[in-house]
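Undergrad: after the sequence you'll find the predicted model.
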Amino acid sequence: MANHELILFPSDDTLASAVADRWLDELAALALKDPPHCVALSSGRVAKKYLTAVAAQARARSISLDHVHFFWGDERCVPPTDTESNFLLAKTHLLDPLRIEPDKIHRVRGEIPPNQAAAEAEAEICRIAPLTAAGQPVLDLIFLGMGEDGHVASLFPGAPAEVIRNKSIYLPVVASKPPPRRITISFATIAAARQVWVLASGPAKENALRESLSANGQTPLARVLQSRHKTIIFTDIPKQDGRPADRRAAVCA
């Protein structure tokens, strides 16, 4: 059985809209008595479209996100007002438009020393989310983007073994693209999540996606797929392994 589900869309706009609709369907189905819904957000071009779509559709459908706790898959070591801040992206396009309460927002403080920021973010996520026997938080959903090199969050190709095997929840890393200093969620925490949804968009990422889906893939996304029973990949990249991708979503997108 494949460890992933691949769903194809004709464009990044239809991808963003359909994924937003799917997540809001899940949130609408939750009972008020359910425990907090814990998610980790991603950044990037398609994430911006997705966050904007969530805000617009939540308002149109009168779906509340009051029971959602927001965490981040990674953050750049910059102040929260910096244009490079992943928090600022979410604040601008989702959190402020929906007036999310401050006690539901658990940002990674990129403006303080990275080790301290990672430790604070780890303590905060463990305070809210349920934990496995090994002490890993079990997030309900982690959103990931994918870079042209197959990186996810700020887990890049060529990362040292101590990053790959690290069981910490958040850890400081040096990225291979600017800004280099970052704090990222770990592979172990991604593996422990109930759901992981990958939003992979753009023709320049075709080779990385193909490599990630191969049986012996070596990209960070491949490592995520290999660590989990199931990961869902939403993409507008039309072909992998030389054959058409799954087109089940194209009809309704």
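TA: It's in.

Undergrad: need the three-state assignment for the spatially most central residue of the chain.
TA: The residue lying closest to the centre of the chain (CA atoms, centre = their mean) is Phe143, at 2.3 Å. With DSSP: H, G, I helix; E, B strand; the rest coil as the basis, the three-state label of Phe143 is strand.

Undergrad: I'd like the distance between it and Pro179.
TA: As defined by CB to CB, to the nearest Å, Phe143 lies at a distance of 21 Å from Pro179. To be clear about C-beta, it is placed using only N, CA and C from the backbone, and glycine gets the same treatment.

Undergrad: do the same with Glu124
TA: 23 Å.

Undergrad: next one: Ser214
TA: As judged by CB to CB, Ser214 and Pro179 stand 31 Å apart.

Undergrad: again, but for Glu148
TA: Distance from Glu148 to Pro179, by CB to CB: 17 Å.

Undergrad: CA atoms only: put stretch 70-77 into PDB for me.
TA: The C-alpha coordinates for stretch 70-77 follow below in PDB (Å, rounded to 0.1, in the frame of the first residue of the first chain):
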ATOM      1  CA  PHE A  70      -2.000  27.600  15.700                       C
ATOM      2  CA  PHE A  71       1.700  26.600  15.700                       C
ATOM      3  CA  TRP A  72       4.300  26.900  12.900                       C
ATOM      4  CA  GLY A  73       6.300  24.300  11.000                       C
ATOM      5  CA  ASP A  74       9.300  26.700  10.900                       C
ATOM      6  CA  GLU A  75      10.300  30.300  11.400                       C
ATOM      7  CA  ARG A  76      13.100  32.500  10.200                       C
ATOM      8  CA  CYS A  77      15.200  34.200  12.800                       C
END
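
Undergrad: low-scoring pLDDT stretches of this protein, where are they?
TA: Applying pLDDT under 70 to the chain flags residues 1, 32-33, 239-253.

Undergrad: can you do 90?
TA: For the chain, the stretches with pLDDT under 90 are 1-2, 30-36, 176-177, 215, 238-253.

Undergrad: let me see the ranges of the strands in it.
TA: 4-8, 37-41, 68-72, 74-76, 141-145, 170-174, 181-185, 196-200, 231-235, 239-240, 243-244 (DSSP state E).

Undergrad: how about JSON lines for the ones you listed, with distance to Thr52 added?
TA: JSON lines is the format used below for the strands of the chain (distance: least, CB to CB, whole Å):
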{"stretch": "strand 4-8", "distance to Thr52": "20"}
{"stretch": "strand 37-41", "distance to Thr52": "13"}
{"stretch": "strand 68-72", "distance to Thr52": "15"}
{"stretch": "strand 74-76", "distance to Thr52": "20"}
{"stretch": "strand 141-145", "distance to Thr52": "14"}
{"stretch": "strand 170-174", "distance to Thr52": "26"}
{"stretch": "strand 181-185", "distance to Thr52": "23"}
{"stretch": "strand 196-200", "distance to Thr52": "13"}
{"stretch": "strand 231-235", "distance to Thr52": "16"}
{"stretch": "strand 239-240", "distance to Thr52": "27"}
{"stretch": "strand 243-244", "distance to Thr52": "29"}
